[in-house]
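*Asks:* coords please:
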Amino acid sequence: MMAILAFMIVFVNMPWFIRIMKSRQIGQIVRDEGPSSHWSKKGTPTMGGLIMIGALLISVIPVYFHIDLSASFGWMIYMTLAYGFIGFLDDFKKTIKKSAYGLKAREDIALQILLAIPFIFFMMHGIPSISAIIGLSLFYLLVILSVTNAVNLTDGLDGLLAGVALPIFIFYIFYGYYAGFPMVSQFAMIFAGIIGGFLFFNAYPARIFMGNTGSFAIGGAIAGMALITSTAWVLLILGAIFVLEALSVMLQVSWFKYTKKREGEGRRIFRMSPIHHHFELLGYPEPLIVTRFWIIQSIFTLLAWLYVARFF
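*Replies:* Residues are numbered from 1 along each chain as shown. As a prediction, the model looks like this:
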């Protein structure tokens with residue numbers, strides 16, 4: 001029921017949000033260095049993540065009155081809102097202030113670290129050893145930064161991130177139920193409905209983009225679920241697409257800097273990174289790339305489930 005409610009909130013409210021964004025000319029900014037096929041996307045309404053976050057908050061209300069919520073549920077909402085806020089600031093600078101690059105990199109990372117601290121502090125409850133607290137805090141921060149930024153990098157094609165994230169939330173619906181984390185299951189159920197509703201409007205050709213508001217919110221939610229359930233390690237399998245996207249950027253940048261320093265001219269491994277743009281420039285149609293990424297994600301979600309199911 002919660003997934004259906006969340007789906008309907010997004011489904012009903014997204015059309016008027018799209019109209020408002022169009023009327024105020026708040027749309028996608030396309031960089032000149034991006035694929036030429038993306039020029040047609042310029043002006044498409046963005047920041048659909050605001051409706052996603054609003055749907056989350058509204059969907060929580062009936063849960064609050066019928067279920068005894070634990071602190072972990074509130075902290076998962078915190079991670080979603082906190083990182084959605086960072087994405088919103090970036091979107092605001094791009095769409096309202098007309099800054100092509102949004103937040104500066106140092107501002108972005110500083111905010112991510114700052115807003116991770118309260119959550120990490122919560123996770124340290126009951127750990128007596130100072131050395132363990134320091135080690136775990138650094139590990140948790142690494143996971144949060146890695147997940148949120150990798151998720152953000154994946155948001156580059158119509159329906160790509162939403163379609164990749166949906167199986168992950170479905171995974172946590174069942175994992176939370178069988179592993180004894182009912183609040184994670186409830187939270188994942190709500191978010192799965194939200195993403196399903198958003199995907200209806202975001203599938204190719206997209207009528208709305210989630211913007212960094214949505215992609216960072218999704219990243220914060222996934223990082224929160226993974227750390228609360230102690231399944232961060234599973235994300236190497238479950239988040240295979242996120243890992244692939246992030247690695248493609250890291251390899252591209254590292255190889256370019258290395259060859260420029262050694263040969264005086266930077267060289268590239270991929271035609272463009274993240275890797276979904278590489279396939280675009282190879283001539284693959286956008287819907288084909290997205291569909292294949294969805295299939296790969298579904299396979300790795302199944303593999304992740306088969307792995308963790310041995311421990312139930």
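
*Asks:* Send over stretch 304-312 as PDB, restricted to the C-alpha atoms.
*Replies:* The C-alpha trace of stretch 304-312 is given here as PDB (Å, rounded to 0.1, in the frame of the first residue of the first chain):
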ATOM      1  CA  ALA A 304      23.400  -9.900  -4.900                       C
ATOM      2  CA  TRP A 305      20.200 -11.500  -3.600                       C
ATOM      3  CA  LEU A 306      21.500 -15.000  -4.200                       C
ATOM      4  CA  TYR A 307      24.600 -14.100  -2.300                       C
ATOM      5  CA  VAL A 308      22.900 -12.600   0.800                       C
ATOM      6  CA  ALA A 309      20.100 -15.200   0.900                       C
ATOM      7  CA  ARG A 310      22.600 -17.800   2.100                       C
ATOM      8  CA  PHE A 311      22.800 -16.000   5.400                       C
ATOM      9  CA  PHE A 312      19.100 -16.000   6.200                       C
END
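
*Asks:* Would you confirm that G266 belongs to a strand?
*Replies:* No. Assigned with DSSP: H, G, I helix; E, B strand; the rest coil, G266 falls outside any strand and is coil.

*Asks:* quick one, what contacts it?
*Replies:* Going by CB atoms under 8 Å, 6 or more residues apart in numbering, G266 touches 256-257, 259-260. Bear in mind the C-beta positions are built from the backbone N, C-alpha and C, glycine included.

*Asks:* which two in these are spaced the farthest apart?
*Replies:* The distance between the two most remote of these (CB to CB) is 7.6 Å, for K257 and T259.

*Asks:* Among the two, which residue is more densely surrounded?
*Replies:* More crowded of K257 and T259, by other CB atoms under 10 Å: T259, with 15 against 11.

*Asks:* tell me which element that one falls in.
*Replies:* T259 belongs to helix 240-263 when assigned by DSSP states H and E.

*Asks:* which strands and helices sit next to that helix?
*Replies:* Using 3 or more CB pairs under 8 Å, 6 or more residues apart in numbering; DSSP states H and E as the contact test, the elements touching helix 240-263 are helix 130-154, helix 235-238, helix 275-281, helix 286-308.

*Asks:* Surely G159 touches F293?
*Replies:* No. Counting by CB atoms under 8 Å, G159 sits too far from F293 to count as a contact (9.6 Å).

*Asks:* Now for the chain, the helix or strand with the poorest mean pLDDT.
*Replies:* In the chain, no helix or strand scores lower on mean pLDDT, DSSP states H and E than helix 49-66, which sits at a mean of 86.

*Asks:* Buried residues, that helix. List them.
*Replies:* For helix 49-66, burial by neighbour count (16 or more other CB atoms under 10 Å) applies to 49-53, 55-56, 59-60, 63.

*Asks:* Show me which of the residues you listed is closest to K104.
*Replies:* Checking these against K104 with CB to CB, the nearest one is G49 at 20.6 Å.

*Asks:* surely that closest one meets G214?
*Replies:* Yes. The criterion here is CB under 8 Å, and G49 meets it with G214 at 2.6 Å.

*Asks:* Touching both of those two, which residues are there?
*Replies:* Common neighbours of G49 and G214 (CB under 8 Å, 6+ apart) are 84, 87.

*Asks:* hmm, back to that, now the angle between helix 130-154 and the helix holding T259, please.
*Replies:* Orientation of helix 240-263 against helix 130-154 (axes from the mean of the first three to the mean of the last three CA atoms, to 10 degrees) gives an angle of 90 degrees.

*Asks:* Averaged pLDDT, helix 240-263. What do you get?
*Replies:* In this model, helix 240-263 has a mean pLDDT of 94.

*Asks:* Would you mark the buried spots in that helix?
*Replies:* 240-246, 248-249, 252, 256.

*Asks:* Look at G156 and say how many residues are nearby.
*Replies:* 23.

*Asks:* repeat for A150
*Replies:* A150 has 23 nearby residues by other CB under 10 Å.

*Asks:* before we move on, back to that, possible to save the buried residues of helix 240-263 as JSON lines with distance to I120?
*Replies:* Formatted as JSON lines, those follow (distance: CB to CB, whole Å):
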{"residue": "A240", "distance to I120": "26"}
{"residue": "I241", "distance to I120": "26"}
{"residue": "F242", "distance to I120": "21"}
{"residue": "V243", "distance to I120": "22"}
{"residue": "L244", "distance to I120": "27"}
{"residue": "E245", "distance to I120": "25"}
{"residue": "A246", "distance to I120": "21"}
{"residue": "S248", "distance to I120": "28"}
{"residue": "V249", "distance to I120": "25"}
{"residue": "Q252", "distance to I120": "30"}
{"residue": "F256", "distance to I120": "33"}
